[in-house]
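J.: Mind folding the following:
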Amino acid sequence: MISLPSPFERLSRERRLAIVIVLNVAIVVAQAVTGVIAGSLGLLADAGHNLADVGAVALSLWAVRLTHRRPTASRSFGWHRSTVLAAQANAAAILAVTALIVFEALRRLGDSSEVRGGVVMVTALVALAGNAFSVLLLRDSHHDLNMRSALLHMVGDVAASAGVAVAGFVIFVTSGNYWVDPVVSLVVGLLIAVEAIRLLRATTDVLLEATPAGLDLSVLVDAVAADPSVDDVHDVHAWALSSDVHALSAHVVMNGHPTLEEAQVVGDRLKRLIAERFRIAHATLELECETCMDGDRDPCAMDGLTPSFEHRHAH
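T.: Now for the predicted structure:
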């Protein structure tokens with residue numbers, strides 16, 4: 001599936017997130033005031049949803065700014081994982097807010113309080129326009145999990161505002177049918193929850209240092225082993241520091257007994273291959289002249305890792 005870049009992607013991520021925060025604060029105030037005037041619990045619930053999203057986007061902005069900090073002795077990789085932690089917290093927040101929406105929707109199914117449908121519809125359409133603009137701002141072709149979590153919040157707001165607008169229209173036209181509002185909220189909440197669970201799984205994979213999504217480790221091992229100077233590749237590990245920063249370590253056994261200078265040339269060539277073909281800029285290769293196998297056992301291996309990635313022969 002081709003992902004088209006956002007027309008606002010030239011703006012820094014921090015600036016886009018800051019604009020979204022300001023815009024959504026204005027939407028929250030408008031929805032809360034109008035919700036009280038119109039007697040609409042739907043608008044008030046949507047205002048609460050947007051308020052939670054303001055906090056989530058602020059968390060994303062804070063995480064992005066942390067990634068600019070320099071690595072230290074205690075944090076040698078810097079703060080790249082902060083965006084993943086923010087994404088996971090946001091996913092959990094989405095599930096919590098969705099649970100509240102579902103609970104409120106079920107409670108309100110039997111509520112027949114009068115609602116001013118016309119006012120609800122107009123306010124929801126204004127919020128829909130604002131949230132749609134936020135979605136355009138946050139779309140990111142780099143598939144950053146942190147930006148994706150913020151985007152998911154805004155997509156949820158678009159869907160919620162659309163649902164409230166539809167409910168307001170039905171109430172306005174029919175002068176009743178107040179049950180439409182909670183039913184729409186219930187459907188929207190369940191759809192958002194599915195996406196939040198997917199995001200939660202993706203961030204958990206990063207924190208568990210799973211192989212980055214889209215990277216076929218066997219193909220990478222074969223590509224390294226195909227180099228004419230390589231006899232064997234083993235003890236291979238690939239993981240993600242964040243959505244767009246991947247790392248790799250491996251033991252590479254070279255044929256013959258090259259000099260240190262010759263080995264350096266081969267190592268640089270392999271790192272360039274890994275960076276250009278597999279988009280892994282941080283690769284640590286331990287170059288060896290003899291395999292570190294002890295019979296059928298690899299002393300470099302970690303127990304429980306897939307054997308096919310522990311020892312591969314190229315020749």
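
J.: per-domain residue ranges of the protein.
T.: What the record gives for the chain is the domain set 13-207, 217-313, from automatic domain parsing.

J.: Buried deepest among those domains, which one?
T.: Mean neighbour counts were compared across the domains of the chain using mean count of other CB atoms under 10 Å; the top stretch is domain 13-207, at a mean of 19. Every residue, glycine included, has its C-beta placed from N, CA and C.

J.: Would you pull up how far that one lies from the middle of the chain?
T.: When distances are taken as CA atoms, centre = their mean, to the nearest Å, domain 13-207 is centred 15 Å away from the chain's centroid.

J.: Figure out the length between the terminal residues of it.
T.: Here the two ends of domain 13-207 are set 22 Å apart, with distance taken as CA to CA, to the nearest Å.

J.: Averaged pLDDT, it. What do you get?
T.: In this model, domain 13-207 has an average pLDDT of 79.

J.: repeat for stretch 229-244
T.: Taken as a whole, stretch 229-244 has a mean pLDDT of 85.

J.: How about stretch 211-219?
T.: 87.

J.: Distance from the chain centre to that stretch, please.
T.: 18 Å.

J.: what's next to it, contact-wise?
T.: Under the contact criterion CB atoms under 8 Å, 6 or more residues apart in numbering, stretch 211-219 has outside partners A202, D205, V236, A238, W239, A240, H246, F278, I280, S308, F309.

J.: Among the residues you listed, which pair sits farthest apart?
T.: Distances among the contacts of stretch 211-219 were taken as CB to CB; the most separated pair is A202 and S308, at 24.4 Å.

J.: so how far is H68 from W62?
T.: 11 Å (CB to CB, to the nearest Å).

J.: What helices and strands are in contact with the helix or strand where A32 lies?
T.: For A32, the enclosing helix or strand under DSSP states H and E is helix 13-38. With contacts defined as 3 or more CB pairs under 8 Å, 6 or more residues apart in numbering; DSSP states H and E, the secondary structure elements packing on helix 13-38 are helix 41-66, helix 117-138, helix 145-174.

J.: about what we covered before: in helices, which of the contacts of stretch 211-219 fall?
T.: When the contacts of stretch 211-219 are checked against helices using DSSP state H, the ones located there are A202, D205, F278.

J.: circling back: would you format the helices and strands packed on helix 13-38 as JSON lines with distance to V184 included?
T.: What follows is the helices and strands packed on helix 13-38, written out as JSON lines (distance: least, CB to CB, whole Å):
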{"stretch": "helix 41-66", "distance to V184": "8"}
{"stretch": "helix 117-138", "distance to V184": "10"}
{"stretch": "helix 145-174", "distance to V184": "4"}
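
J.: Relative to A32, which of these is closest?
T.: Counting by CB to CB, A32 lies closest to helix 41-66 out of these; the figure is 4.4 Å.

J.: tell me which strands and helices the next helix-or-strand element following the closest one is in contact with?
T.: Following the chain from helix 41-66 toward its C-terminal end, the next helix or strand by DSSP H and E is helix 81-108. Contact partners of helix 81-108 among helices and strands, from 3+ CB pairs under 8 Å, 6+ apart: helix 41-66, helix 145-174, helix 180-207.

J.: Report the distance from the helix or strand just after the last one to the chain centre.
T.: Moving toward the C-terminus from helix 180-207, the first helix or strand encountered (DSSP H and E) is helix 217-225. Relative to its parent chain, helix 217-225 has a centroid offset of 27 Å by CA atoms, centre = their mean.

J.: Stretch 239-246 too?
T.: Taking CA atoms, centre = their mean, one finds the center of stretch 239-246 at 11 Å from the center of the full chain.

J.: Can you name the residues that contact the closest residue to W239 other than its chain neighbours?
T.: The spatially closest residue to W239, leaving aside those adjacent along the chain, is E209, at 3.9 Å (CB to CB, 6 or more residues apart in numbering). Contacts for E209 (CB under 8 Å, 6+ apart) come out as H237, W239, A240.

J.: how near is E209 to I94?
T.: Computed as CB to CB, the E209 to I94 distance reads 24 Å.

J.: what does A30 give?
T.: As for A30, its distance to I94 is 22 Å (criterion: CB to CB).

J.: again with G48
T.: G48 is 13 Å from I94, where distance means CB to CB.

J.: swap in V22?
T.: Spatial separation of V22 from I94 under the definition CB to CB is 21 Å.

J.: ok, back up a step: please tabulate the ones in helices among the contacts of stretch 211-219 in JSON lines, including the columns distance to V253.
T.: JSON lines is the format used below for these (distance: CB to CB, whole Å):
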{"residue": "A202", "distance to V253": "34"}
{"residue": "D205", "distance to V253": "30"}
{"residue": "F278", "distance to V253": "20"}
